[in-house]
Each structure stands twice: as structure tokens, then as C-alpha cells.
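[1] Sequence first, predicted coordinates after that:
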Amino acid sequence: MNDSTAVNTPAAPAPDVVEIDKLWSVFHSAGRDAVVHQDLDLRIVDGEFMSIVGGSGSGKTVLLRQMLGLEKPARGRVTVLGKPAAQLGAEGAASRVGMLFQHGALYSAFTVLENIAFALRELGTLPSKLVREVAMVKLQMVGLEPAQAHKMPSDLSGGMVKRVALARALVMDPPLLLLDEPTAGLDPDSADGFVALLRSLHQELGLTVVMVTHDLDTLFELSTRIAVVAEKRIIACGTPLQVMAHDHPFIHDFFLGARGQRAAAVLRQAPHNE
Ligand SMILES: Nc1ncnc2c1ncn2[C@@H]1O[C@H](COP(=O)(O)OP(=O)(O)O)[C@@H](O)[C@H]1O
Ligand SMILES: [Mg+2]
């Protein structure tokens with residue numbers, strides 16, 4: 001509005017990385033509308049690790065797909081890095097948003113390195129030697145050995161598949177990373193290793209991360225804030241302790257069951273989450 005006169009006035013605060021205003025997500029099936037989100041508001045700020053929790057079918061994956069521009073708001077706005085999410089596809093989403101899909105299988109006919117390099121190669125602007133070198137750096141960034149580069153996906157453990165998929169999501173250095181149930185299906189040791197990797201990448205790369213998870217250990221290990229989806233909107237959003245103090249049946253059941261009590265005890269000993 002007053003941009004033209006802003007030369008000597010302090011810069012406006014940077015826009016949030018994700019701004020969701022009054023979002024409606026609606027699917028039409030069998031002749032009727034299914035409303036998944038209704039007037040959902042959410043802000044995600046630069047550098048935070050935001051976790052999204054909610055019951056099964058509450059619309060968590062659809063919310064991530066809205067941020068990627070893969071679903072269209074029926075009403076409302078989804079703005080990512082200052083632009084409507086719908087424009088991401090047209091402008092090369094991979095350089096702006098990385099996504100680790102829950103069931104994000106690797107391309108089974110491609111090697112590990114070819115999988116990681118995929119978006120860069122599709123772009124077609126870099127010589128193939130450079131594409132391979134970049135992919136090799138990402139391979140090592142996610143804790144894999146160079147010797148794994150030429151393996152086929154079918155030769156990898158579940159934890160290694162997740163790491164390759166993460167390297168693939170990060171190949172173009174997007175500032176925003178979306179994770180859908182990143183530790184689901186991993187054995188406890190692999191899950192712990194993957195959580196440690198996510199924590200160090202978040203810190204070292206200065207990424208903004210949005211993660212859907214139902215795993216309380218993963219949640220408390222990583223989140224700077226938590227948003228709770230229920231009743232088609234965000235019913236609570238804040239630090240883990242703020243959200244746990246919120247009075248709602250879902251929050252009570254989710255956090256204050258036996259497992260939640262244990263995870264909360266760990267949280268209280270971890271001052272960075274205060
Ligand atoms: N493409 C689609 N067409 C119709 N309904 C869908 C589609 N995608 C998701 N839904 C519905 O939206 C709701 C939320 O789904 P989802 O976001 O996947 O839930 P979750 O919170 O478990 O990730 C579910 O009822 C699901 O059936
Ligand atoms: Mg889901």
C-alpha cells in the first residue's frame with residue numbers, strides 16, 4: 001500500500017513462510033461435498049519446526065498438499081513464500097518446497113543417485129556431471145555413504161529409503177520442507193536416527209519445517225510449535241507445553257495417555273522446548 005513511500009521507513013516485517021487464511025478444502029464425491037477444512041487459519045514463521053497433529057482423516061495430509069499447491073482452496077488463501085501456493089507448480093516447486101510424502105516410494109527403476117538427482121535433471125539447466133556431484137553431496141548430507149549411490153531402491157532398508165527420499169526433497173535447497181509422517185513404519189532405532197538427522201538438518205540448513213506426525217517421541221524431540229487439527233480447523237497452536245495445556249478432548253486423549261505422560265516428562269527436562 002505505502003511501498004512507494006517506504007524508502008526511509010523501517011522495512012515491513014518479512015512475510016511468514018506459510019500464511020493460511022480462512023481455508024476451505026472441499027472434495028466432491030458421490031454427488032456430495034465433503035468439507036475437510038473450514039475457515040482454517042495457520043501461520044508458519046521462518047525457521048520454525050512446526051508439527052501438525054490430529055486424528056486420522058482430520059485433514060493433515062490435505063493441509064500439506066495445499067501448501068504444495070497440489071490441492072486448491074475451495075475458499076480462502078494459501079500463501080507460501082509470499083506467493084499463492086497454486087503458483088508453485090508452474091515455477092518449479094522443488095526449489096521452493098521439499099516434500100517427503102508418507103508413502104513416497106522411490107522410483108524403483110532408478111538408482112539411489114538418480115532418484116536424488118531427479119528434479120535437478122528434469123530442470124535440464126545443469127551439465128550432468130554437475131547434477132551427479134550435487135546429488136552426491138545430498139547423499140552424504142543425509143548420512144549415506146558414497147558406496148550406496150549406485151544401489152537400487154529394492155536393496156535399501158526402510159530407514160535408508162527415507163534418507164534417499166529426504167535427499168531427493170532437498171536436492172534444490174528449498175527453504176521449506178514438508179514431512180508427512182516421516183518416522184511411520186520405521187523400527188525404533190531407524191526412527192531415532194532419522195529424527196536426529198531431521199534435527200541437525202533443521203538447525204544447520206536453517207530450514208523451516210512443517211511435519212505431520214502422530215508419534216509423540218518424534219513430536220517432542222523436534223517441534224518448536226505444534227498445531228492441532230480438529231473440527232476442520234486449527235483448534236490450538238503454540239509451544240508443546242502451551243498446546244498440552246489446552247482443554248480439548250482430542251488434546252487430552254492424544255497427549256495425556258500413558259505414552260504422552262512419558263514424553264511430557266522428557267519434555268519438561270528439555271529447556272529448549274519451553
Ligand atoms: N482426493 C481426495 N478425494 C476425496 N476425498 C479426499 C481426497 N483426499 C483426501 N480426502 C478426504 O479428506 C479427509 C482428510 O484426509 P487426509 O488429509 O488424508 O487425512 P489425515 O489427517 O489422516 O492425513 C479424509 O476424509 C479423506 O478421505
Ligand atoms: Mg495423512
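    Structure's in. What do you need? Ligands and ions are numbered 1, 2, ... in the order given.

[2] From now on I want contacts and neighbour counts done on CA atoms only, so please keep to that.
    Will do.

[3] the strands in the stretch 51-200 of the chain, which residues?
    Under the criterion DSSP state E, counting those that start in this stretch, strands of the stretch 51-200 of the chain are mapped to 75-80, 83-84, 97-100, 176-180.

[4] for those strands, which one sits closest to Leu156?
    Leu156 lies closest to strand 97-100 among the strands of the stretch 51-200 of the chain, at 17.0 Å (C-alpha to C-alpha).

[5] before we move on, the earlier item: can you check which of the strands of the stretch 51-200 of the chain gets nearest to ligand 1?
    Of all the strands of the stretch 51-200 of the chain, strand 176-180 sits nearest to ligand 1, with 8.1 Å by C-alpha to the nearest ligand atom.

[6] Report the angle between the closest one and strand 75-80.
    120 degrees (axes from the mean of the first three to the mean of the last three C-alpha atoms, to 10 degrees).

[7] Spell out which parts of this structure neighbour ligand 1.
    The chain has residues 27, 36, 56-62 near ligand 1, with proximity defined as C-alpha under 6 Å from any ligand atom.

[8] Could I get these in TSV, plus columns for neighbour count?
    Shown next, in TSV, are these (neighbours: other C-alpha atoms under 10 Å):
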residue	neighbour count
Phe27	12
Val36	21
Ser56	9
Gly57	10
Ser58	18
Gly59	21
Lys60	25
Thr61	19
Val62	18
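
[9] Identify the farthest-apart pair in those.
    For those, the maximum inter-member distance is 16.8 Å, found between Phe27 and Ser56 (C-alpha to C-alpha).

[10] show me the biggest helix of this protein in terms of residues.
    Determined from DSSP state H, the single longest helix within the chain is helix 188-205.

[11] With adjacent residues omitted, what lies nearest to Asp41?
    Asp21 (4.8 Å; C-alpha to C-alpha, 6 or more residues apart in numbering).

[12] three-state assignment of Val36?
    Following DSSP: H, G, I helix; E, B strand; the rest coil, Val36 is assigned to strand.

[13] For it, give me the pLDDT.
    Looking at Val36, its pLDDT reads 98.
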